[in-house]
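Trainee: model this:
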Amino acid sequence: MPTDGTIIIGAGPAGLACAAALRSEGQGSTILEATHHVGASWHKHYDRLHLHTAKAHSALPGMPMPRDFPRYPSRLQVIRYLDDYAYDNSLKILFGKRAVSIRNGDCWAVETADGDQFRARSVVIATGLANTPIRPTWEGQDKFAGPIVHSSEYRNADALDARRVLVVGFGNSAGEIALECAEAGLDVALSVRGPVNVVAREIFGIPSATIAIAQSRLPPKLADAINAPFLRMRYPDLEELGLKRASSGPLSTMIQRGRTPLIDIGTMAKIREGHIEVFPGVDRSDDGTAYFANGKSFQCNAIVLATGYDHGLGKILPDLAERFPEADRPPRNEVHPAGDGLYFCGFNAATTGLLRQIGIEAGEIVASIGQRHGP
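Mentor: A predicted model of the protein is given here:
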């Protein structure tokens, strides 16, 4: 099936931003969306989720977030914004079209699960880093009597129907889910396998992302060195709380390893107060107890795996290994790595906020498409 302009895979923020930027330059696009929603991942997130970056730095190109939104918009407000963004930009979105193969011949061909095939000179993969849930396993996991759910399946503390909850992980989802469960009066533990970085959502009333933007021209190690005294002043007791401080600062760790720090919105206070226990990695479990690498244990009747996602590119790119032999994803900050008309948007963890980064990448992609194909 021929199509006008560029094919975009995914109607999340990255796909919408690219389509709107193309439209502003007089170029057409067709978005193929596997689900029946714009911003599908936001529909799946837990109820209390809010942006961790301020709305002033989180809008997509050409449309600020509404003035009546709070500084950190909620999940439902982000969904509303994305719906309005798609409508106001008159974007062409085909729902229920899950891409299963992207191949290059005389032009790019995208095949969908229902057998349709779309062809275009350029394709933008905008499915992002949080595509496929990662579910770790351990000995005895199948014997656990209660529910074991990934954070993508977690809705709220009440829906868990549990009194004692283990949250595995220490990213933002883990921290916020543990915080919510503690605030709901549940007995909560966090299983934290490796070294961590923690930053406050705001420092002296200034959003951390705003500070990161101001420091974005500095080498990450230098910015980390500047910020280190403030972070140690704010979080001097990580080791005492059972956590190991990472040897690299949060900016360096994000850029080198793609790992975001915990943006603290109250989790650390609950740990200090004893409302959230901290344990190392899970070693095994039985019907009602998790056992950890240090020999300690925690009785629980629900486990939440806040263990992140895989990008899932191998599902749609048959030549992924040949295309990126050094890694399984595009090189950092390269939206058009092979120069062959296949673009990637939303695959860079950003110290300044992913939505802001998406807007920057969308502009780079549209400029490249314009140079390759003309107006």
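Trainee: wait, a strand at D142?
Mentor: No: counting by DSSP: H, G, I helix; E, B strand; the rest coil, D142 is not found in a strand; it is helix.
Trainee: name the SS class of G194, please.
Mentor: Following three-state DSSP, we place G194 in the coil state.
Trainee: list the contacts of it.
Mentor: G194 sits next to K244 when contact means C-beta atoms under 8 Å, 6 or more residues apart in numbering. (Each C-beta comes from the backbone N, C-alpha and C, glycine too.)
Trainee: cool, and F347?
Mentor: 128-129, 311, 329-330.
Trainee: put the buried members of those residues into a ChimeraX selection.
Mentor: Burial among the contacts of F347 is assessed by 16 or more other C-beta atoms under 10 Å; the matching ChimeraX selection reads:
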select :128,129,311,329,330
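Trainee: looking at the contacts of F347, which is nearest S58?
Mentor: For those, the residue nearest S58 by C-beta to C-beta is G128; the value is 15.1 Å.
Trainee: surely that closest one and H311 touch.
Mentor: Yes: assessed by C-beta atoms under 8 Å, G128 is found in contact with H311 at 7.1 Å.
Trainee: so, low pLDDT: which residues of the chain?
Mentor: For the chain, applying pLDDT under 70 flags the ranges 1-4, 374-375.
Trainee: outline the domain layout of it.
Mentor: The chain breaks down by automatic domain parsing into domains covering 6-131+311-373, 134-308.
Trainee: quick one, what contacts the residue nearest to A189 when sequence neighbours are not counted?
Mentor: Once flanking residues are discounted, A189 sits nearest to E277: 4.2 Å by C-beta to C-beta, 6 or more residues apart in numbering. Contacts for E277 were tallied using C-beta under 8 Å, 6+ apart; they are 188-190, 242, 298.
Trainee: K221 now?
Mentor: By C-beta under 8 Å, 6+ apart, K221 lies in contact with 249, 252.
Trainee: for Q256, see how far away it is.
Mentor: Separation of K221 from Q256 (C-beta to C-beta, to the nearest Å): 10 Å.
Trainee: re earlier: now list the buried members of the contacts of E277.
Mentor: 188-190, 298.
Trainee: identify the bridge partners of L32.
Mentor: With DSSP bridges applied, L32 shows beta-bridge pairing to I9, L94.
Trainee: that one: what's it in contact with?
Mentor: Per C-beta under 8 Å, 6+ apart, neighbours of L32: 7-10, 94, 97-99, 110, 112, 118.
Trainee: just the buried residues of those.
Mentor: Buried residues within the contacts of L32, defined by neighbour count using 16+ other C-beta under 10 Å: 7-10, 97, 99, 110, 112, 118.
Trainee: now, which of the residues you listed sits nearest I148?
Mentor: Distance to I148 across these (C-beta to C-beta) is lowest for G10, with 28.1 Å.
Trainee: how about the closest one, what does it touch?
Mentor: 31-34, 125-128 are the contacts of G10 under C-beta under 8 Å, 6+ apart.
Trainee: now the helices: where do they sit in the protein?
Mentor: Counting by DSSP state H, the chain has helices at residues 13-24, 40-44, 75-88, 157-160, 172-183, 208-214, 220-234, 250-257, 267-272, 320-323, 354-373.
Trainee: so how many other residues sit close to S297?
Mentor: As a burial measure, S297 scores 16 neighbours (other C-beta atoms under 10 Å).
Trainee: scratch that, P66 is what I was asking about
Mentor: If you count neighbours by other C-beta under 10 Å, P66 ends up with 13.
Trainee: show me what contacts it?
Mentor: By C-beta under 8 Å, 6+ apart, the residues touching P66 are Y81.
Trainee: before we move on, what about A56?
Mentor: Residues in contact with A56 (C-beta under 8 Å, 6+ apart) are 71, 210.
Trainee: how long is stretch 105-122 end to end?
Mentor: Start-to-end span of stretch 105-122 (C-alpha to C-alpha, to the nearest Å) is 12 Å.
Trainee: what lies in contact with that stretch?
Mentor: For stretch 105-122, contacts defined as C-beta under 8 Å, 6+ apart pick out 1-3, 5-7, 9, 30, 32, 34, 96-103, 123, 341-343, 369, 372-373.
Trainee: the same query, at a cut-off of 10 Å, please.
Mentor: 1-9, 22, 27-30, 32, 34, 94, 96-103, 123, 125, 316, 336, 340-343, 365, 368-369, 372-373 (C-beta atoms under 10 Å, 6 or more residues apart in numbering).
Trainee: wait, doesn't G249 sit right on R259?
Mentor: No: using C-beta atoms under 10 Å, G249 makes no contact with R259, being 11.6 Å away.
Trainee: those two - which one has more neighbours?
Mentor: When neighbours are counted by other C-beta under 10 Å, G249 and R259 differ, and G249 comes out ahead with 22 against 19.
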